[in-house]
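# pasting the structure only:
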């Protein structure tokens, strides 16, 4: 694909070479069918969008990845939206975002329906009992992975420890995140942050579409408040969770745990862990667990509304932030606050792993499974294979230990 140089020396994809909306949707739908690995899927998105299709150049794509890492939401989903935004504007962003996430939703809603009908069968009980140990390992490994990326010096570790302690004491995680941002403003006042520019391509016009989508969403939520107050409450919780999920989809886990299990008791911890397990064997972001939560609470309508609610903020933040990211990336206040937030999520994930470990049966089978799964993940075995092997072993041996 060729590019042309504009008068202001910005590079933009030639309109005659831009992919159609249908091609964008189909391409990302196909990628979404095999999108295991969460944020790691950005590698495959880059391979398709930059190397194979040549829709974007590498600096532009990498600047988009940096943007998606700096704002809350499911990182891989946002990268998909970013590619669409840069190639075909807001319509293209919607095509890639929906295309990439739709396979995960369709699979998860099918698995949720199956779970509701079969979760009391002995073989299914054995399966999910064993997978509880695997989920503990997955969340603990996520905490370790976050820690390697964000805990470099003593003050990073102190913020993480503060967040873990507050979460264990059942302080609202959103309050913990805000406090961590405030601490970051103070703790990182002497730290220099490198600016990451996204001005290599023509900036799409997003203000009018953003206002239209916000107006439509607000109208929908008002109608939901009038017609179904309970589902409205769930939808608002999903919105709040995504708005504070800095660091990708895994960051939503402790927030969901707090809101739906600990505060409102809308489901027990074991059922929520089963939802996480289904999310791990489903392609797409781990926030697709919201589909499971919505289905368990309010059936198919709840699944649809929960999914839309938890994915909508991520989409809106991408189309709203791209035109202004140069300012964000150069703001020391923004970077200090985000650094504190990232450290806090290490602590929140560690405390969530601790919480799940407490409710896991502490017999030899579960402890060994948890340790083996954790070690496998540390050695970079793909999550889907760890979950699949854990499921097989649980079915074979689990009935004997339950």
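Arrived safely, thanks for sending. Nothing here was measured: the structure is a model prediction, and the numbers come from that model.

# drop to CA atoms for contacts and neighbour counts, all remaining ones
Will do.

# got a pLDDT number for residue 189?
Here the pLDDT value assigned to residue 189 is 85.

# What of the one 5 residues further on?
Note for residue 194: predicted pLDDT of 61.

# Tell me how far residue 313 lies from residue 226.
Distance, residue 313 to residue 226, by Cα to Cα, to the nearest Å: 22 Å.

# what about these two, which has more around it?
More crowded of residue 313 and residue 226, by other Cα atoms under 10 Å: residue 313, with 21 against 10.

# Tell me the secondary structure of that one, please.
Under DSSP: H, G, I helix; E, B strand; the rest coil, residue 313 falls in the helix class.

# wait, doesn't it sit right on residue 73?
Yes. Assessed by Cα atoms under 8 Å, residue 313 is found in contact with residue 73 at 7.4 Å.

# Mind listing the shared neighbours of the two?
Common neighbours of residue 313 and residue 73, using Cα atoms under 8 Å, 6 or more residues apart in numbering, are 242-243.

# Whichever strand or helix holds residue 393: which residues count as buried?
Using DSSP states H and E, residue 393 maps to helix 383-401. Buried residues in helix 383-401, defined by neighbour count with 16 or more other Cα atoms under 10 Å: 383, 386-387, 390-391, 393-395, 398-399.

# Now tabulate those in TSV and tack on distance to residue 299.
Shown next, in TSV, are those (distance: Cα to Cα, whole Å):
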residue	distance to residue 299
383	28
386	29
387	26
390	28
391	25
393	30
394	28
395	27
398	29
399	29
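
# so residue 152 sits in a helix?
No. Per three-state DSSP, residue 152 lies outside any helix segment and is coil.

# Residue 31 touches residue 100, doesn't it?
Yes. Using Cα under 8 Å, residue 31 is in contact with residue 100, at 6.6 Å.

# The two - which one has more neighbours?
Using other Cα under 10 Å as the criterion, residue 31 and residue 100 rank with residue 100 on top: 31 against 22.

# Does that one touch residue 80 like I think?
Yes. Checked against Cα under 8 Å, the pair residue 100 and residue 80 is within contact range at 7.0 Å.

# list residues touching both of the two?
Joint contacts of residue 100 and residue 80 (Cα under 8 Å, 6+ apart) are residue 28.

# Tell me if I'm right that residue 336 and residue 192 touch.
No. Assessed by Cα under 8 Å, residue 336 is found out of contact with residue 192, at 9.3 Å.

# just the helices in the stretch 1-150 of the chain please.
Applying DSSP state H, counting those that start in this stretch to the stretch 1-150 of the chain gives helices spanning 21-32, 42-46, 58-70, 75-118, 122-150.

# what's the spacing between the residue positioned nearest the centre of the chain and residue 70?
Central residue of the chain (Cα atoms, centre = their mean): residue 249, 1.8 Å from the mean position. Between residue 249 and residue 70 the computed distance is 13 Å (Cα to Cα).

# Lovely, talk soon.
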